[in-house]
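# Below are the sequence and a predicted model; questions follow.
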Amino acid sequence: MPQYIGAIDQGTTSTRCMVFDRRGAVVARHQLEHAQIMPRAGWVEHDPDEIWERTRTVVESALAGAGLTAADLAAIGVTNQRETTVVWNRHTGRPYGNAIVWQDTRSDRIIADLHRSGAAETIRRRTGLPPAPYFSGGKLAWILDNVEGVRADAERGDALFGTPDSWLIWNLTGGVRGGRHLTDPTNASRTMLMDLETLDWDPELLEIFGVPRAMLPRIVPSANPDTFGSTSPDGPFEAAVPITGVLGDQQAATVGQVCFKPGEAKNTYGTGNFLVLNTGTEIVHSGHGLLTTVAYHFAGQAPVYALEGSIAVTGSAVQWLRDQLGIIGGAAQIEDLAGQVPDTGGVYFVPAFSGLFAPYWRADARGAIVGLSRYSNNAHLARATLESICYQTRDVVEAMQRDSGVRLETLRVDGGVTANALAMQIQADFLGVAVSRPVIAETTALGAAYAAGLATGFFSGTDELVANWHEDRRWEPTWTDTMRAQGYRDWQKAVGRTLDWVDIAG
């Protein structure tokens, strides 16, 4: 009997394969980065073929490095960057161009037209999403309008659309030789095309965006023993392994953090920050700039929903200091540099590189560093960068508490930035609540593995998963309420300086 469960985690900056045992412990892993393509201001792209090749390599390397074969895996789960948009030809397997990444803002005029036409409220009511360039529906509309031949091929059913989960599933299950074109509700709920109640593509929304239904994947439950198919033997697994779990990355982290009860929340610190609050089987529409989304849908059970606060730029702001400014040589160095000063010296950095996401949803915003003086130095900017991550999280927590009426008692955290103890202490101070990091930090891949394992009976149920969760470290707040209030007032002033920078009116 197979003793392990696998996961493919296709993220914004890298792809990795991980293998877990029944306790959720890691037994194998391999990870590779892929290119970030930025052909012009506001455009962010990935090469889908490179992502597929990276996927093949990390799977083969992870298994070989641990001395495992496909026969050792009970199943695999897939998790992915969500709103990133891929369109490819079903007969050739070739993409029509680079994937348009979730950070990309080229569809801002399409979104502005939706607001002017009065369609925004219909979109918000059906999907739980405020129309924004972030989501894949606008990106897909842009491709259909601007890439030659795509619309005609889409009308014939020859052009296929998907977020990276669909692209990988199609390739893993055979590609042009019978690959399955599927997605799950957590990914479909990020398109502005799926009805939250029916968990199916909405005809009126497809008409609004001009999207032919023939190009869309079939939506099936996130954890299901039958519907995603098995890996093709000519793929990286070299044998048939059932694909039984698929979750968008932030929903996967929610499952990996075992937030199965209404009111439980997690925050993932990656390229961006994503705070997700389980609201149970109730669809809670936000009045304060949050997203209503599907948390997960396990086959045979009612779908579970969530409120989410999506923040575009957090960890990528640290990468910006490294790659564009050269202030640090590596992401790990920011903690030492920021720790050289006790505060930011009045400097605030709002990294609105792709506009502002939750709770503002301002595509016209752009990044700003304010409060500079001759006293300011690179350590102040480094600390202001860490503070920007934590202040943006507070923005979302404030909105979430107003929407749900639930006060956060502890924030469960995961992702790369959680290795930075200074950042986590700042987060606890800014929120005034404890911050808790689990022993197993790879919660996104773990959540995909959990979904796959639940579907096949590898795990007995969610109680077993909850028992696997253990705290690694906790940070308690040290600031006074007065300090928190003053700092947050100044942060909000800084946010105001970023608005109305880009004209997207026409």
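That came through, no problem.

# Tell me which stretches of the stretch 101-250 of the chain form strands.
With strands called from DSSP state E, counting those that start in this stretch, the stretch 101-250 of the chain shows them at 159-162, 182-183, 194-195, 200-201, 218-219, 243-248.

# Figure out how far the second one is from the centre of its chain.
In this view, strand 182-183 has its centroid 17 Å away from the chain centroid, taken as CA atoms, centre = their mean, to the nearest Å.

# For that strand, which helices and strands make contact with it?
helix 164-172, strand 218-219 (3 or more CB pairs under 8 Å, 6 or more residues apart in numbering; DSSP states H and E). Placement of C-beta: from N, CA and C, glycine included.

# Identify, out of the strands of the stretch 101-250 of the chain, the most deeply packed stretch.
Comparing these by mean neighbour count (mean count of other CB atoms under 10 Å), strand 243-248 ranks first with a mean of 32.

# which residues are contacting that strand?
Applying CB atoms under 8 Å, 6 or more residues apart in numbering, the external contacts of strand 243-248 come out as 75-80, 82, 163, 165, 169, 172-173, 182-184, 186-187, 190, 222-225, 228-231, 255, 296, 447-456.

# quick one: it to helix 164-172, angle?
Using axes from the mean of the first three to the mean of the last three CA atoms, to 10 degrees, the direction of strand 243-248 lies 150 degrees away from that of helix 164-172.

# So what's the model's average confidence on stretch 311-330?
What stretch 311-330 shows for mean pLDDT is 90.

# Buried residues of that stretch, list them for me.
If you call a residue buried by 16 or more other CB atoms under 10 Å, then stretch 311-330 has these buried ones: 311-318, 320-322, 327-328.

# before we move on, what about stretch 428-444?
428-431, 433, 435-438, 440-444.

# try stretch 484-504
484, 487, 490-491, 494-495, 497-499, 502.

# Closest one of those residues to residue 152?
residue 502 (32.8 Å; CB to CB).

# follow-up on the earlier one: dump the strands of the stretch 101-250 of the chain into a markdown table; add distance to residue 100 and mean pLDDT as well.
Converted to a markdown table, the strands of the stretch 101-250 of the chain look like this (distance: least, CB to CB, whole Å; pLDDT from 0 to 100):
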| stretch | distance to residue 100 | mean pLDDT |
| --- | --- | --- |
| strand 159-162 | 11 | 98 |
| strand 182-183 | 17 | 97 |
| strand 194-195 | 19 | 97 |
| strand 200-201 | 20 | 98 |
| strand 218-219 | 21 | 96 |
| strand 243-248 | 16 | 96 |
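
# With distance to residue 472 added, can I get those in JSON lines?
Converted to JSON lines, those look like this (distance: least, CB to CB, whole Å):
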{"stretch": "strand 159-162", "distance to residue 472": "35"}
{"stretch": "strand 182-183", "distance to residue 472": "33"}
{"stretch": "strand 194-195", "distance to residue 472": "36"}
{"stretch": "strand 200-201", "distance to residue 472": "40"}
{"stretch": "strand 218-219", "distance to residue 472": "36"}
{"stretch": "strand 243-248", "distance to residue 472": "23"}
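
# Tell me which of these approaches residue 283 most closely.
strand 194-195 (10.6 Å).

# Which strands or helices does the longest helix seen in the chain pack on?
Longest helix in the chain by number of residues, with DSSP state H as the criterion: helix 378-404. Contact partners of helix 378-404 among helices and strands, from 3+ CB pairs under 8 Å, 6+ apart: strand 265-269, strand 273-280, strand 304-311, helix 315-320, helix 333-338, strand 348-350, helix 421-431, helix 481-496.

# Between strand 304-311 and that helix, find me the angle.
Using the same axes, to 10 degrees: helix 378-404 against strand 304-311 is 150 degrees.

# Mind checking what helix or strand follows helix 378-404 in sequence?
strand 410-414 (DSSP states H and E).

# Quick one, grab the pLDDT at the residue of the chain most remote from its centre.
For the chain, the largest distance from the centre (CA atoms, centre = their mean) belongs to residue 374, which lies 38.3 Å off. Residue 374 is assigned a pLDDT of 95 by the prediction.

# hang on, it is in a strand, isn't it?
No: counting by DSSP: H, G, I helix; E, B strand; the rest coil, residue 374 falls outside a strand, being coil.

# separation between it and residue 345?
Here residue 374 is placed at a distance of 10 Å from residue 345 (CB to CB, to the nearest Å).

# mind listing the helices for the stretch 101-250 of the chain?
108-117, 120-127, 136-146, 150-156, 164-172, 185-188, 203-209, 249-256 (DSSP state H, counting those that start in this stretch).

# Make TSV from those and add distance to residue 367 to it.
Listed next are the helices of the stretch 101-250 of the chain as TSV, based on distance: least, CB to CB, whole Å:
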stretch	distance to residue 367
helix 108-117	16
helix 120-127	26
helix 136-146	22
helix 150-156	32
helix 164-172	26
helix 185-188	28
helix 203-209	29
helix 249-256	23
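
# Including mean neighbour count, could these go into JSON lines?
Output for these, formatted as JSON lines (neighbours: other CB atoms under 10 Å):
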{"stretch": "helix 108-117", "mean neighbour count": "17"}
{"stretch": "helix 120-127", "mean neighbour count": "17"}
{"stretch": "helix 136-146", "mean neighbour count": "23"}
{"stretch": "helix 150-156", "mean neighbour count": "17"}
{"stretch": "helix 164-172", "mean neighbour count": "27"}
{"stretch": "helix 185-188", "mean neighbour count": "30"}
{"stretch": "helix 203-209", "mean neighbour count": "15"}
{"stretch": "helix 249-256", "mean neighbour count": "31"}
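
# out of the ones you listed, nearest to residue 22?
helix 249-256 (15.0 Å).

# And the pLDDT for residue 428?
97.

# try residue 502
On the pLDDT scale, residue 502 gets 84.

# before we move on, what about residue 233?
At residue 233, pLDDT is 87.

# any idea which of the buried residues of stretch 484-504 is least confident?
Among the buried residues of stretch 484-504, residue 502 has the weakest pLDDT, 84.

# Which strand or helix spans that residue?
Counting by DSSP H and E, residue 502 is part of no helix or strand.

# need the contact list for the closest residue to it other than its chain neighbours.
Counting by CB to CB, 6 or more residues apart in numbering, residue 502 lies nearest to residue 364, which is 4.7 Å off, once chain neighbours are set aside. With contact taken as CB under 8 Å, 6+ apart, residue 364 is in contact with 355, 499-504.

# how about residue 364, secondary structure?
Secondary structure for residue 364, judged by three-state DSSP, is coil.

# For the buried residues of stretch 428-444, give me CSV that also has distance to residue 90.
Formatted as CSV, these follow (distance: CB to CB, whole Å):
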residue, distance to residue 90
428, 50
429, 52
430, 48
431, 47
433, 49
435, 46
436, 45
437, 43
438, 41
440, 38
441, 38
442, 33
443, 34
444, 29
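
# Just the closest of these to residue 389, please.
Distances from residue 389 to the buried residues of stretch 428-444, taken by CB to CB, are shortest for residue 430, at 9.8 Å.

# I'd say that closest one and residue 392 touch.
No: with contact defined as CB atoms under 8 Å, residue 430 does not reach residue 392; the gap is 10.0 Å.

# follow-up on the earlier one: closest to residue 421 out of the helices and strands packed on strand 182-183?
Among the helices and strands packed on strand 182-183, helix 164-172 sits nearest to residue 421 (CB to CB), with 31.8 Å.

# what packs against the closest one?
strand 4-10, helix 48-65, strand 73-80, strand 86-89, strand 159-162, strand 182-183, strand 243-248.

# could you give the angle of that helix to helix 249-256?
Using the same axes, to 10 degrees: helix 164-172 against helix 249-256 is 90 degrees.
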